[in-house]
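**Q** turn this into a structure:
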Amino acid sequence: MPTRSSGAVQTEQVSLSVRPGEPTLVKKCQATKRYKNIQRTDLPTTTPAKHKRTRDLQLSTWNVRTLTQPGALQALVLELRHYKSNITAIQETRWIGNNVLDVSRFRVFASGNATQRIRGTGFIVDPLWSEKVIDWKPVSDRLCVLRIKGKFFNISIINVYAPTNERPDDEKDAFYSQLERTYDNCPRSDIKIVIGDINAQIGREKTFKPTIGSFSLHPKSNENGLRLITFAAAMNMRISSTYFQRRSSRKATWSPPGGGKKCQIDHILIDNRHASNILNVRSFRYTQADIEHHDSDHYAVGAKIRFRLSNIGRIRSTKQKKYDVTKLKNNRVKENFNARVEQQLKERNGELTIWQDCHIAMKQAAEECLGYHQPEKKEWFDDECKQAVQRLIEAKNMRTTRARTEEIKQLQRNKKNSLEERKENLTDSVLMILRSSSQ
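**A** All right, here's what the predicted structure looks like:
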């Protein structure tokens with residue numbers, strides 16, 4: 001009986017034969033589980049193609065209701081780090097004026113009202129993406145723009161906090177007029193994204209399907225929803241937050257007080273040319289940052305965007321280090337420093353000018369004898385405060401019961417008292433130092 005030629009090498013020691021009229025050995029092996037490990041080595045092998053390295057942008061929006069309470073911003077940054085959000089658009093910060101500050105290596109851009117603690121928008125950017133920020137424009141307490149450096153296209157993110165559906169029409173018209181001007185002022189070649197608390201319910205009308213998709217939480221659009229659809233259609237944009245099929249719990253973005261029906265009023269829009277860059281949009285129901293002694297009634301909304309980050313980093317100015325000259329008050333350190341300077345001058349023996357020799361000698365002696373001055377960071381949000389916030393987050397992630405609710409309330413009180421006490425202690429210590437220095 002003819003046997004299989006040596007052209008095919010078998011991984012198992014199995015003797016196979018082929019009869020006239022039977023299928024070939026390869027087809028027979030593919031159809032039989034017994035011989036699934038037999039491999040053909042006489043065929044050319046190909047290596048898998050290497051995929052281009054891309055970086056997905058985790059873009060989020062969240063109405064935080066307020067950031068005026070002690071420790072609210074630090075707790076928010078901890079929560080955003082947990083959800084791995086690169087850029088977060090926040091609304092209702094209720095800060096006065098425009099601010100740029102750093103918190104735990106995150107950069108915070110805030111655009112607020114000039115005189116009152118109302119409304120307010122801003123961005124929280126993680127350390128990697130903060131290096132790519134090329135521009136930030138605070139427009140008003142309802143609008144601000146962040147511009148990011150990209151490899152092929154830069155990206156302009158417009159953070160909005162729109163009036164509610166019950167507000168007068170004049171206020172809504174003024175807001176959308178300002179939004180259109182802000183959009184037009186962005187560079188034409190940029191990827192444009194509008195994100196935030198737009199207070200608009202989008203329906204599932206077939207007439208608007210190219211703009212809104214088919215997967216909104218609501219069957220019919222309200223007045224603010226029609227305004228948003230009109231804006232998106234006029235600017236050739238897509239409302240991506242209603243384009244992805246999700247269960248209802250992943251679509252809702254706002255829970256009304258009193259436990260009413262949840263709504264989808266926070267949205268993400270992108271221009272149609274780059275709409276395919278958005279890979280996913282969903283809401284995070286169980287965001288547990290403790291804002292104003294309880295959670296925000298809004299849920300964080302996150303989008304995963306395929307985006308090629310620029311390889312060109314920002315040019316950072318190197319901060320000049322200072323020597324610890326306070327050590328010269330010690331006579332022994334002072335003598336060692338003088339001796340080291342004299343030794344350095346003798347070793348150099350007039351290689352350069354007198355000033356250059358003295359400069360190099362004193363610099364080397366200072367590095368060896370004095371070292372650099374390291375200022376103490378007086379950060380009141382210490383590890384104890386972080387643990388208090390973390391205990392509260394862990395308690396809220398557990399199943400809710402009557403006993404658990406009382407425990408959460410007690411943890412909220414403990415956290416609030418701890419944060420306020422730490423901040424007051426730091427303030428008192430600073431005042432004592434200032435008073436003693438002035439006397």
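**Q** quick check: which ranges of the protein have low pLDDT?
**A** Across the chain, the ranges flagged by pLDDT under 70 are 1-55, 286-295, 308-320, 350-352, 375-382, 396-402, 404, 426-439.
**Q** just give me the residue closest to the centre of it.
**A** Asn86 (2.3 Å; C-alpha atoms, centre = their mean).
**Q** residue contacts, that one?
**A** Asn86 makes contact with Leu57, Gln58, Leu59, Val125, Asp126, Leu128, Trp129, according to C-beta atoms under 8 Å, 6 or more residues apart in numbering. From N, CA and C alone the C-beta is placed, and that goes for glycine too.
**Q** let's see 10 Å
**A** Contact analysis of Asn86 by C-beta atoms under 10 Å, 6 or more residues apart in numbering lists 55-60, 80, 124-130, 132, 148, 305, 307, 309.
**Q** next: Pro127.
**A** Pro127 neighbours (C-beta under 10 Å, 6+ apart): Asn86, Asp102, Ser104, Arg105, Phe106, Arg107.
**Q** which among those residues count as buried?
**A** Asn86, Phe106, Arg107 (16 or more other C-beta atoms under 10 Å).
**Q** and the last one, which of the three is it?
**A** Going by DSSP: H, G, I helix; E, B strand; the rest coil, the secondary structure assigned to Arg107 is strand.
**Q** need the max-distance pair from the contacts of Pro127.
**A** Using C-beta to C-beta, these span at most 16.0 Å, a distance reached by Asn86 and Asp102.
**Q** in strands only, show me the contacts of Asn86.
**A** Judged by DSSP state E, strands contain the following of the contacts of Asn86: Arg55, Asp56, Leu57, Gln58, Leu59, Ser60, Ile124, Val125, Ile148, Ile305, Phe307.
**Q** kindly provide the distance from the fifth one to Ala232.
**A** It refers to Leu59. Look at Leu59 and Ala232: by C-beta to C-beta, to the nearest Å, they are 17 Å apart.
**Q** and these two? Which one has more around it.
**A** Leu59 (26 against 23; other C-beta atoms under 10 Å).
**Q** just list the residues touching that one, thanks.
**A** Contacts of Leu59 (C-beta under 10 Å, 6+ apart): 85-89, 129, 148, 155, 157, 193, 195, 268, 270, 278, 281, 301-305, 307.
**Q** from those, which would you call buried?
**A** Looks like those have 85-89, 129, 148, 155, 157, 193, 195, 268, 270, 278, 281, 301-303, 305, 307 buried, using 16+ other C-beta under 10 Å.
**Q** ok so, going back, reformat the buried ones among the contacts of Pro127 into JSON lines and put distance to Asp184 next to each item.
**A** Shown next, in JSON lines, are the buried ones among the contacts of Pro127 (distance: C-beta to C-beta, whole Å):
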{"residue": "Asn86", "distance to Asp184": "27"}
{"residue": "Phe106", "distance to Asp184": "31"}
{"residue": "Arg107", "distance to Asp184": "27"}
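**Q** closest to Glu424 out of those residues?
**A** Phe106 (24.8 Å).
**Q** the closest residue to that closest one other than its chain neighbours: what secondary structure?
**A** Ranked by C-beta to C-beta, 6 or more residues apart in numbering and with sequence neighbours excluded, the top spatial neighbour of Phe106 is Val77, at 5.2 Å. Assigned with three-state DSSP, Val77 falls in the helix class.
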